[in-house]
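K.L.:
Got a predicted model here, sequence first, then my questions.
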Amino acid sequence: MRRLLLPIAAAAVVLVILVAIGLWITRPGPSNPAVDLEPYMTDLDWPVALAFAPDGRIFFAERFTGTIRIIRDGAVLPLPFYTLSNTATSGEQGLLGLALHPDFPTTPWVYAYHTFDDPSGSLYNRIVRIRASGDNGTSLEVVLDRIPAGSVHNSGVIAFGPDGT
């Protein structure tokens, strides 16, 4: 009996600690006068991922439209960089991740992770890369295909490591 009570007591202690930490993290506190927060952009269509180019452009992914757009000099360019066709948007699906090649723009690839609604009836996630020509995406190549997809918990953050992999 004692062997059974010890794990239950330990679990109860851990639960109390986690609840206390959660209350501490979420409790309202005084504002920080050293930080002045203000919106940078408004009226964007559900941006979920950002990629910063060395020349100052910001590429961003619109989750529900499957569109990659660019902010240059503080303004969203009127024409999209690229729109990924057949992007599924049910539940937590959509255009979810974005990364620039580590040598961008010398190596002009923009990578994206999205949920693909295949016209054949299959639904899966995939990683694609789009060749950049200035502010336009000119062609698409599938890099990794048929990653299992669900209506929730599709993940999607993609990035290059410090070694470029």
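P.N.:
Cool, got the structure. Numbering: from 1, shown residues only.

K.L.:
When you work out contacts or count neighbours from here on, use the C-alpha atoms and nothing else.
P.N.:
Will do.

K.L.:
low-confidence ranges in this structure?
P.N.:
Along the chain, segments meeting pLDDT under 70 span 1-33.

K.L.:
That one: helices as residue ranges?
P.N.:
2-26 (DSSP state H).

K.L.:
what about the longest strand in it?
P.N.:
Secondary structure of the chain per DSSP state E: the longest strand is strand 136-148.

K.L.:
Return the distance of that strand from the chain's centre.
P.N.:
Strand 136-148 sits 16 Å away from the centroid of its parent chain (CA atoms, centre = their mean, to the nearest Å).

K.L.:
tell me what that strand is packed against?
P.N.:
Applying 3 or more CA pairs under 8 Å, 6 or more residues apart in numbering; DSSP states H and E, one finds that strand 136-148 contacts strand 82-83, strand 123-133.

K.L.:
Out of these, which gets nearest to residue 54?
P.N.:
Of all those, it is strand 123-133 that lies closest to residue 54, at 13.9 Å by CA to CA.

K.L.:
Give me the contacts around that closest one.
P.N.:
82, 88, 105, 108-118, 137-150, 154 (CA atoms under 8 Å, 6 or more residues apart in numbering).

K.L.:
I figured residue 88 hits residue 117, correct?
P.N.:
Yes: between residue 88 and residue 117 there is a contact at 5.3 Å, judged by CA atoms under 8 Å.

K.L.:
Who has more neighbours out of these two?
P.N.:
Between residue 88 and residue 117, residue 88 has the larger neighbour count (other CA atoms under 10 Å), namely 23 against 17.

K.L.:
and the contacts of strand 123-133, which are buried?
P.N.:
82, 88, 105, 108-117, 137, 140, 149, 154 (16 or more other CA atoms under 10 Å).

K.L.:
what's the span of stretch 41-52 from first residue to last?
P.N.:
This stretch, stretch 41-52, spans 15 Å end to end (CA to CA, to the nearest Å).

K.L.:
Would you mind pulling the contact partners of that stretch?
P.N.:
By CA under 8 Å, 6+ apart, the residues outside stretch 41-52 that reach it are 58-65, 95-100, 157.
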